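>>> no FASTA, just this:
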């Protein structure tokens, strides 16, 4: 079993705050792993440690067996990174950006030009090839950012929130590119705040919050793990929602929105207990439905006890 | 809970076909190329470092040419053109430092840090590109000055020396802009600490007017001003005047400033590369 990326007990502290708390994670070649977590969960810190931009305080990192602490340049040579914010030279054109980074990665002049042309086609940027990057739309910049990362193919691809703020067409293009890279055997680690993106793209999802791994598995596994089922109730009046939440207050992962309340359940027969509690408070119910949870609900169930929020 | 695909034909790692990363020299050249490309595209830089000094040359000539000829008995362009050539380098310290400051704080720098690249190439490329720009602009401005009467009247070797002095002065400016950009926490600080001193040093130099035109109490300051020394050296090499003192003075300033700036910049840069 080849793990292209292997993190064990990775720990990073910023002063008093622990940004990463003994995170362990393995990513085999050809696999897309989605790192899911709210803002401040430690996603970007993890990526910065992995890509040698930050030095961890504990634990080990291996990228194709290389240790960033002792062999940073071998690690860098094998990882293509697209950071959270576009890392492009705004004053020069997309083609010039591609040639610039390609040449620094060791391509010859002609080779770099040729690769730049290919990437512009693949990422649908050919029309804007000669426009200074400063004039491009957000979607185009993001596409170019990924194109620059892939101008020289490398066995590991790391993406930090690649589709934040993108239009659907650009997002789809990026997803297709990530899938194509994985199909070539590239190990992909991507962070995202979009559950749909993780659901669609990732072979495995790792949920982290406050620097700790809360869950690690496929989308289906996580859904089963959190509570096999989800009881969705529609109240007759949205005014009852608060009372309903209170009646169900000690059950884990309860979420409410408008006149709808969702309760994760381990077994189908638990629905009786749920209904009993609401009946006990005299709360009328308009509709009831028992289904598998969505990934959103999994995420809130996992992260909510830590966030200590009362609504949503 | 980690699922491994049961498919035994799971793709293996793609062959590491990536080329060897660019060598320090090659990477420096690529980065210097980017600096020059940015300069050519940046209208503000062109205005500040070429158009404005040329405008100054034409305006000052129009205003004072006759006056200087009648009172001093010299051709004003012979004294003014060297100063204007220096101004192109001197006034670019501010814009270069701000451009460098933003570049280091931009995503581009982090992308470079995450690449298998000797980061010394970044500094070498920035300084090298900047140097080529300074020399290119100096040659261009000298040619324009030639059309309004500036001449090299001391032979080809002295003309070569002229550009040697410009190169020394340019190196000093480059070193200053790099050090300032690395130390400053905010671009506003760069403006505050660079704009006024460069303006004062230019005006309080023996470039526009000879040393004797300044009141006696300020003459010592004017005569050790690096702009005075370099302008006198350039005038000496192209027209007439003392050579040894201004040339040695320019060398001293360049070596001193470059050594101090390099020491400061090296430490700051190592810190930035290590921790962003």
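Sure thing, it's come through. This is a predicted model, so every value here is computed, not measured.

>>> Name the spans of the stretch 1-150 of chain B whose pLDDT lies under the cut-off.
Applying pLDDT under 70 to the stretch 1-150 of chain B picks out residues B:1-18.

>>> do that again at 90, thanks
With pLDDT under 90 as the threshold, the stretch 1-150 of chain B has low-confidence stretches at B:1-22, B:41-46, B:48-49, B:64-75, B:91-92, B:95, B:99, B:103-107.

>>> hey, where'd the helices end up in chain B?
B:24-41, B:43-46, B:52-72, B:76-90, B:92-105, B:107-113, B:120-147, B:155-183, B:187-203, B:219-224, B:226-238, B:244-275 (DSSP state H).

>>> between those, which gets nearest to chain A?
helix B:107-113 (3.0 Å; CB to the nearest CB). No exception for glycine: its C-beta is placed from N, CA and C like everyone else's.

>>> what's in contact with that closest one?
A:52-53, A:81, A:83, A:85-89, A:101, A:104, A:148, B:103, B:119, B:122, B:272-273, B:276 (CB atoms under 8 Å, 6 or more residues apart in numbering or on different chains).

>>> on that earlier part again, pipe the helices of chain B into TSV and attach mean neighbour count per row.
Listed next are these as TSV, based on neighbours: other CB atoms under 10 Å in any protein chain shown:
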stretch	mean neighbour count
helix B:24-41	19
helix B:43-46	13
helix B:52-72	15
helix B:76-90	25
helix B:92-105	21
helix B:107-113	20
helix B:120-147	19
helix B:155-183	20
helix B:187-203	15
helix B:219-224	14
helix B:226-238	26
helix B:244-275	16
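
>>> As a markdown table, those with distance to residue A:174 would be great.
Below are the helices of chain B laid out as a markdown table (distance: least, CB to CB, whole Å):
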| stretch | distance to residue A:174 |
| --- | --- |
| helix B:24-41 | 26 |
| helix B:43-46 | 33 |
| helix B:52-72 | 44 |
| helix B:76-90 | 45 |
| helix B:92-105 | 26 |
| helix B:107-113 | 17 |
| helix B:120-147 | 29 |
| helix B:155-183 | 34 |
| helix B:187-203 | 33 |
| helix B:219-224 | 60 |
| helix B:226-238 | 53 |
| helix B:244-275 | 30 |
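
>>> Of these, give the one that comes closest to residue A:142.
Nearest to residue A:142, of all the helices of chain B, is helix B:107-113, at 11.8 Å by CB to CB.

>>> So the nearest residue to residue B:76 once chain neighbours are set aside versus residue B:78, what's the distance?
Among residues not flanking residue B:76 along the chain, residue B:68 sits closest, at 4.0 Å (CB to CB, 6 or more residues apart in numbering or on different chains). According to CB to CB, to the nearest Å, residue B:68 stands 10 Å off from residue B:78.

>>> Chain neighbours aside, what residue packs nearest to residue B:148?
Take residue B:148 and drop its neighbours on the chain: the residue closest to it by CB to CB, 6+ apart is residue B:77, 5.7 Å away.

>>> Isn't that neighbour up against residue B:146?
No: look at residue B:77 against residue B:146 with CB atoms under 8 Å: they stay out of range, at 9.5 Å.

>>> tell me the SS of residue A:30?
coil (DSSP: H, G, I helix; E, B strand; the rest coil).

>>> Would you quantify the distance from it to residue A:159?
As judged by CB to CB, residue A:30 and residue A:159 stand 16 Å apart.

>>> Looking at these two, which one has more neighbours?
A direct count of neighbours by other CB atoms under 10 Å in any protein chain shown for residue A:30 and residue A:159 places residue A:159 higher, at 28 against 24.

>>> and that one, what helix or strand is that in?
Per DSSP states H and E: residue A:159 is located in strand A:156-160.

>>> Which positions in the stretch 51-200 of chain A make contact with chain B?
Residues of the stretch 51-200 of chain A lying close to chain B by CB under 8 Å from any CB of the partner chain are A:51-55, A:64, A:73-74, A:76-79, A:81, A:83, A:85-89, A:91-92, A:96, A:100-101, A:103-107, A:132, A:148, A:152-155, A:183-187.

>>> bridging residues for the nearest residue in space to residue A:190 that is not next to it in sequence?
Using CB to CB, 6+ apart and skipping the chain neighbours, the partner closest in space to residue A:190 is residue A:159 (4.1 Å). Note on residue A:159: beta-bridge partners by DSSP bridges are residue A:82, residue A:190.

>>> Please, which helix or strand holds residue A:261?
strand A:260-265.

>>> Actually, residue A:75.
Using DSSP H and E, residue A:75 falls in helix A:72-78.

>>> Check residue A:205 too.
Applying DSSP H and E, one finds residue A:205 within strand A:204-209.

>>> got it, and residue A:179?
helix A:168-183.

>>> what ranges do the strands span in the stretch 201-312 of chain A?
A:204-209, A:212-217, A:229-235, A:255-257, A:260-265, A:285-291 (DSSP state E, counting those that start in this stretch).

>>> Now do the second one: which elements does it pack against?
For strand A:212-217, the helices and strands in contact under the criterion 3 or more CB pairs under 8 Å, 6 or more residues apart in numbering or on different chains; DSSP states H and E are strand A:17-28, strand A:204-209, helix A:219-226, helix A:295-307.

>>> Quick check: mean pLDDT of it?
Averaging pLDDT along strand A:212-217 yields 90.

>>> repeat for the last one
Mean pLDDT, computed over strand A:285-291, is 85.

>>> partners of that strand in the sheet?
Strand pairing (DSSP bridges) places strand A:285-291 next to strand A:229-235 (antiparallel).

>>> in the partner strand, what's buried?
Under the neighbour-count criterion of 16 or more other CB atoms under 10 Å in any protein chain shown, strand A:229-235 has A:229, A:230, A:231, A:232, A:233, A:235 buried.

>>> between those, which is nearest residue A:303?
Using CB to CB, the buried residues of strand A:229-235 come closest to residue A:303 at residue A:230, 16.3 Å.

>>> Who's the closest spatial neighbour of the closest one, skipping the chain neighbours?
Leaving aside its sequence neighbours, residue A:230 is closest to residue A:293 (4.1 Å, by CB to CB, 6+ apart).

>>> Surely the one you found and residue A:264 touch.
Yes: with contact defined as CB under 8 Å, residue A:293 reaches residue A:264; the gap is 6.0 Å.

>>> that's a strand at residue A:7, yeah?
Yes: per three-state DSSP, residue A:7 lies within a strand segment.

>>> what's the residue lying closest to it once chain neighbours are set aside in contact with, if anything?
Distances taken as CB to CB, 6+ apart place residue A:25 nearest to residue A:7, at 4.5 Å, with adjacent residues excluded. By CB under 8 Å, 6+ apart, residue A:25 lies in contact with A:5, A:6, A:7, A:10, A:33, A:206, A:213, A:216.

>>> go again using 10 Å as the cut-off
A:3, A:5-8, A:10, A:33, A:35, A:46, A:50, A:61, A:189, A:204, A:206, A:208, A:213, A:216, B:2 (CB atoms under 10 Å, 6 or more residues apart in numbering or on different chains).

>>> are any of those buried, and which?
So, by 16+ other CB under 10 Å, the buried ones in the contacts of residue A:25 are A:3, A:5-7, A:10, A:33, A:35, A:46, A:50, A:61, A:189, A:204, A:206, A:208, A:213, A:216.

>>> Brilliant, that's me finished.
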